[in-house]
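Novice: What follows is a predicted structure for the sequence shown.
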Amino acid sequence: MAHSQGFKVISNLYAAYKDGDLVSFYKDLSPDLVWIECEGFPTPGVFRNKEEVVDNVFSVLARDWSHWNFELDQLIDAGEFIVATGTYQGTHGTTARSFNARAAHTWHVVNGKIVRFEQFADTHLIQSAATA
């Protein structure tokens, strides 16, 4: 079975993340982006463009966590909607406590551009690592 365009876009995004290729990671974000980080996550909120995602999500994670990663397990292709499951792993920069927390990401891709991201994560495990 051939994969949808959305599946290819999101597969490329996770490959770029794994390779540390930030240019490729951000290249398919729509100017009309809605990026939702869940409540209880270290970077909760709704962000509406690449700059807001960089400043309010990835820069904060890099600042506060000595190690941060999302390990992708699977992608589910539902056409323009893609679901990713995986595990966040991290070590907090101040407490030096580590965690592994399961998560799911939902993506909406229209005309090859990511218009929406929403994250669901076991935030209790993450917050427990961030507190002494």
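Specialist: Arrived safely, thanks for sending.
Novice: which one's the longest helix in the protein?
Specialist: Using DSSP state H to assign secondary structure, the helix with the most residues in the chain is helix 5-19.
Novice: Quick one: name whatever helix or strand follows that helix.
Specialist: Downstream of helix 5-19, the next assigned helix or strand under DSSP states H and E is helix 22-26.
Novice: Figure out how far the helix or strand following that following helix is from the centre of its chain.
Specialist: The helix or strand immediately downstream of helix 22-26 is strand 29-37, counting by DSSP H and E. Relative to its parent chain, strand 29-37 has a centroid offset of 12 Å by Cα atoms, centre = their mean, to the nearest Å.
Novice: What lies in contact with strand 29-37?
Specialist: Strand 29-37 is contacted from outside by 43-50, 52-53, 57, 110, 113-119, using Cβ atoms under 8 Å, 6 or more residues apart in numbering. Any C-beta I mention is one placed from the backbone N, CA and C, and that applies to glycine too.
Novice: In strands, which of these fall?
Specialist: The subset of the contacts of strand 29-37 located in strands under the criterion DSSP state E comprises 45, 46, 47, 110, 113, 114, 115, 116, 117, 118, 119.
Novice: so what's the fourth one closest to, chain neighbours aside?
Specialist: The spatially closest residue to residue 110, leaving aside those adjacent along the chain, is residue 80, at 5.9 Å (Cβ to Cβ, 6 or more residues apart in numbering).
Novice: what residues are up against the one you found?
Specialist: 4, 5, 6, 108, 109, 110.
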